[in-house]
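Q: coordinates only, sequence not included:
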């Protein structure tokens, strides 16, 4: 039951952690150099024009976000 403010805060944490897995975390565009860097929960990608130059796996972010969302939901 929603009897304490702690319950509401834990629900916000759980929703925020699940949103972290779906939304981009950071993005940088350089119009002058035609470059784009995007950090999501799944990968860090570097584009030059429309070509993917490099990509690094960041699945640890997804795993930690899901674990923290589960702990917050379980604590409610």
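A: Nice, I can see it. As the structure is a prediction and not an experimental result, all values here were calculated from the model.

Q: can you tell me the average pLDDT over the helix or strand that contains residue 27?
A: Secondary structure assigned from DSSP states H and E places residue 27 in strand 26-30. When pLDDT is averaged along strand 26-30, the result is 93.

Q: neighbouring contacts of the next helix-or-strand element following that strand?
A: Sequence order places strand 35-39 as the next helix or strand after strand 26-30, per DSSP H and E. Counting contacts by C-beta atoms under 8 Å, 6 or more residues apart in numbering, the residues outside strand 35-39 that touch it are 24-30, 44-48, 58. From N, CA and C alone the C-beta is placed, and that goes for glycine too.

Q: Next, format those residues as JSON lines and append neighbour count and distance to residue 73.
A: Putting the contacts of strand 35-39 into JSON lines (neighbours: other C-beta atoms under 10 Å; distance: C-beta to C-beta, whole Å) gives the following:
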{"residue": "24", "neighbour count": "10", "distance to residue 73": "24"}
{"residue": "25", "neighbour count": "14", "distance to residue 73": "21"}
{"residue": "26", "neighbour count": "9", "distance to residue 73": "26"}
{"residue": "27", "neighbour count": "11", "distance to residue 73": "28"}
{"residue": "28", "neighbour count": "10", "distance to residue 73": "33"}
{"residue": "29", "neighbour count": "12", "distance to residue 73": "35"}
{"residue": "30", "neighbour count": "10", "distance to residue 73": "39"}
{"residue": "44", "neighbour count": "16", "distance to residue 73": "28"}
{"residue": "45", "neighbour count": "17", "distance to residue 73": "30"}
{"residue": "46", "neighbour count": "15", "distance to residue 73": "35"}
{"residue": "47", "neighbour count": "16", "distance to residue 73": "35"}
{"residue": "48", "neighbour count": "13", "distance to residue 73": "41"}
{"residue": "58", "neighbour count": "15", "distance to residue 73": "23"}
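
Q: So which of those is the closest to residue 75?
A: Minimum distance to residue 75 across these is 24.2 Å, recorded for residue 25 (C-beta to C-beta).

Q: OK, contacts around the closest one?
A: Applying C-beta under 8 Å, 6+ apart as the definition, the contact partners of residue 25 turn out to be 39, 40, 41, 61.
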